[in-house]
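Colleague: Build the 3D model from these lines:
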Amino acid sequence: MARLVFVHGAFGGAWNWEFVREPLETAGHTVETFDLPGGGNDETPVEGVTLESCADRVCEVLASRPEPAVLVGYSMGGAIATQAASNCPDRVAALIFVAAFMPADGQSLLDLTRLPEGKDDMIQANLVVEGDPPVAVLPDEAAREAIFNCCTIENATVCVARLRSQPVAPFATPVRVDEDVLTSIPRFYVLTSRDQSIPLALQRRMIREHPCRKVIELDADHAPYLSATVEVAAALDELARGSAA
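Modeller: Residues are numbered from 1 along each chain as shown. Below you'll find the model as predicted:
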């Protein structure tokens, strides 16, 4: 079975993926979750939260065990996983993107949201950005609608309360990657068709521009770990097994 290392999204933390730990471990996989700088319970100062520091954290986790891992990037974590995979490709057996950004060399997450296919992105429409270095906050009601629109009110409320403010630097910094190296790593995508954070059209465009060995489509919002836990765990199990094959 596979070693799965999960990279969480903006405003979140390792807790994003705790919902799928049990079914994946029951299926025989090893599951590793962690907080990025400034995410979850991590107390890195705002000025220390950059795309590069986040990618470095991923590579540190990948290097903590001898075997390469299937790296799973969610939302903003897709951009960070992309940078990390280019930085330490020998540690990455495969890449799985779950409702995630897939930037090309020289492209930032913000660049992707400004494409025509990203025009219905409810995250960017509702962000409040303040400070120097800038930090983004997503109001509670906007978070419920943009991220948890398929979740129960009770589950959404619990998760919204756990969201943190997000330093902007990882959004705004272009990735600097070796495309030849990245194309040598098997790539898979879990698409979320009712996503209000990364519109379906934008997910499809990224998949066209970065062909994946397999795409699994879920009838889910931007929080499939919560709204479609069984389905996303099954998809990850299938893709992890496929990456080994």
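Colleague: What residues of stretch 21-39 count as buried?
Modeller: Neighbour counts over stretch 21-39 (16 or more other C-beta atoms under 10 Å) mark 21, 23-24, 27, 29, 31-39 as buried. (Glycine included, C-beta is placed from N, CA and C.)
Colleague: Extract the CA atoms of the lowest-mean-pLDDT helix or strand in the chain and return them as PDB.
Modeller: Least confident element among the helices and strands of the chain, by mean pLDDT, DSSP states H and E: helix 122-126 (a mean of 91). Extracted in PDB, the C-alpha atoms of helix 122-126 (Å, rounded to 0.1, in the frame of the first residue of the first chain):
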ATOM      1  CA  MET A 122     -16.300  33.000  -4.300                       C
ATOM      2  CA  ILE A 123     -13.100  33.000  -2.300                       C
ATOM      3  CA  GLN A 124     -11.500  35.900  -4.100                       C
ATOM      4  CA  ALA A 125     -14.800  37.700  -4.200                       C
ATOM      5  CA  ASN A 126     -15.100  37.700  -0.400                       C
END
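Colleague: helix or strand right after it?
Modeller: strand 128-130 (DSSP states H and E).
Colleague: For that next one, which outside residues touch it?
Modeller: 135-139, 168 (C-beta atoms under 8 Å, 6 or more residues apart in numbering).
Colleague: Just put those in CSV and tack on distance to Ala14, neighbour count and secondary structure.
Modeller: Putting the contacts of strand 128-130 into CSV (distance: C-beta to C-beta, whole Å; neighbours: other C-beta atoms under 10 Å; DSSP: H, G, I helix; E, B strand; the rest coil) gives the following:
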residue, distance to Ala14, neighbour count, secondary structure
Val135, 20, 18, strand
Ala136, 20, 19, strand
Val137, 20, 18, strand
Leu138, 19, 23, coil
Pro139, 24, 13, coil
Val168, 21, 21, coil
